[in-house]
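Novice: Sequence and computational prediction follow.
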Amino acid sequence: MEDRTSELQISNNRLTEQTALLADRNTKIETLINEINHRVKNNLQLLYSLISLQVPSIADSTSREILKGNLGKIKAMMLVNQKLFRFDEGSSVNVDDFTTELTVHLQKIYDHKGRIRILQQVEKGIMLHGKLTLSFGLILSELLTNSFKYAFADHESPEISIKVENMDHGIVFVYSDNGAGMEPKKPHERMTMGVSLIHDLARQMNGKLEVSNHNGLTYEFQIPV
């Protein structure tokens, strides 16, 4: 009986030691990840600031627009970094808040007078995780950038609509503008490397994408979650 009690005591002591080692290891891992996240945040902010300072000094309009587009992409990454990687708040992002912040930021870059009306209808409570959040942000950034740059020349009532709602096992994301669309004889006028990126990101998310060119452009994504 005494031998059995002694064996149990030894096992308990070992288990206590292992638990303490595991807790210490988890604390070190969390500290390391937080440090990496902090450095990523600072590097993205530095990159964003440097490009922002360069934009006004660029004389070539094409180069200037490319830099503005890069600002939108970096901002999407910054928002994901800010909202996603927080151990105390879980690892998901509220799509409604994320969409609002990114849309407002890009409108300040391209439409600071607020001429374009933006209708946002995002179902409350929709959350996205991990790579899905970044992919969604990059897609939204490209779509908004293309609309701001190409859709509304001499348009009297420019409008952008953003809708996100739940479906079975995923979400439906519909983006549309009432702009110029793509003329059949000029299919590449609004086609940029960013449009190819949109299709690639949709494939990476295992999503389905349909594009309509009627009374402007409409992109409908069905994204499994």
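Specialist: Okay, I see it.
Novice: all contacts plus neighbour counts: C-alpha atoms, from now on.
Specialist: Will do.
Novice: Let me see the contact set for the spatially most central residue of the chain.
Specialist: For the chain, Gly137 is the residue whose C-alpha lies nearest the centre (Cα atoms, centre = their mean; 2.1 Å). The contact partners of Gly137, by Cα atoms under 8 Å, 6 or more residues apart in numbering, come to 73, 76-77, 80, 99, 102.
Novice: Centre of the chain to the helix or strand that contains it, how far?
Specialist: Assignment of secondary structure by DSSP states H and E places Gly137 within helix 130-146. Its chain's average C-alpha position is 5 Å from that of helix 130-146, according to Cα atoms, centre = their mean, to the nearest Å.
Novice: And the strands in the chain, which stretches?
Specialist: Under the criterion DSSP state E, the chain contains strands at 92-94, 117-122, 127-129, 159-167, 170-177, 208-212, 217-224.
Novice: what's the angle from the last one to strand 159-167?
Specialist: Pointing back at strand 217-224 there. Taking axes from the mean of the first three to the mean of the last three Cα atoms, to 10 degrees, one finds strand 217-224 and strand 159-167 inclined to each other by 20 degrees.
Novice: by contact count, what packs against strand 217-224?
Specialist: With contacts taken as 3 or more Cα pairs under 8 Å, 6 or more residues apart in numbering; DSSP states H and E, strand 217-224 sits against strand 170-177, strand 208-212.
Novice: again with the fourth one
Specialist: With contacts taken as 3+ Cα pairs under 8 Å, 6+ apart, strand 159-167 sits against strand 117-122, strand 170-177.
Novice: who touches the last one?
Specialist: For strand 170-177, contacts defined as Cα under 8 Å, 6+ apart pick out 143, 147, 151, 158-166, 216-225.
Novice: Can you say which of those are buried?
Specialist: Among the contacts of strand 170-177, those classed as buried by 16 or more other Cα atoms under 10 Å are 143, 147, 151, 158-160, 162-166, 216-223, 225.
Novice: sorry, back to before: between the helices and strands packed on strand 217-224, which one is closest to Leu22.
Specialist: For the helices and strands packed on strand 217-224, proximity to Leu22 was assessed by Cα to Cα; strand 170-177 is nearest, at 36.0 Å.
Novice: partners of that closest one, with directions?
Specialist: Its sheet considered, strand 170-177 pairs with strand 159-167 (antiparallel), strand 217-224 (antiparallel) by DSSP bridges.
Novice: quick one: average pLDDT of the first one?
Specialist: Put plainly, it is strand 159-167. Strand 159-167 comes out with an average pLDDT of 96.
Novice: cool, the last one as well?
Specialist: Strand 217-224 comes out with an average pLDDT of 94.
Novice: quick check: angle from that strand to helix 130-146?
Specialist: Computed by the same axes, to 10 degrees, the angle between strand 217-224 and helix 130-146 is 180 degrees.
Novice: Now do strand 217-224 against strand 208-212, angle only.
Specialist: Per the same axes, to 10 degrees, the angle that strand 217-224 makes with strand 208-212 is 170 degrees.
Novice: same thing with the longest one?
Specialist: Using the same axes, to 10 degrees, the inter-axis angle of strand 159-167 relative to strand 208-212 is 150 degrees.
Novice: ok, back up a step: present the strands paired with strand 170-177 as a markdown table; the columns should include distance to Gly114.
Specialist: Output for the strands paired with strand 170-177, formatted as a markdown table (distance: least, Cα to Cα, whole Å):
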| stretch | distance to Gly114 |
| --- | --- |
| strand 159-167 | 11 |
| strand 217-224 | 20 |
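Novice: picking that back up, looking at the helices and strands packed on strand 217-224, which is buried most?
Specialist: For the helices and strands packed on strand 217-224, ranked by mean neighbour count under the definition mean count of other Cα atoms under 10 Å, the leader is strand 170-177 at a mean of 20.
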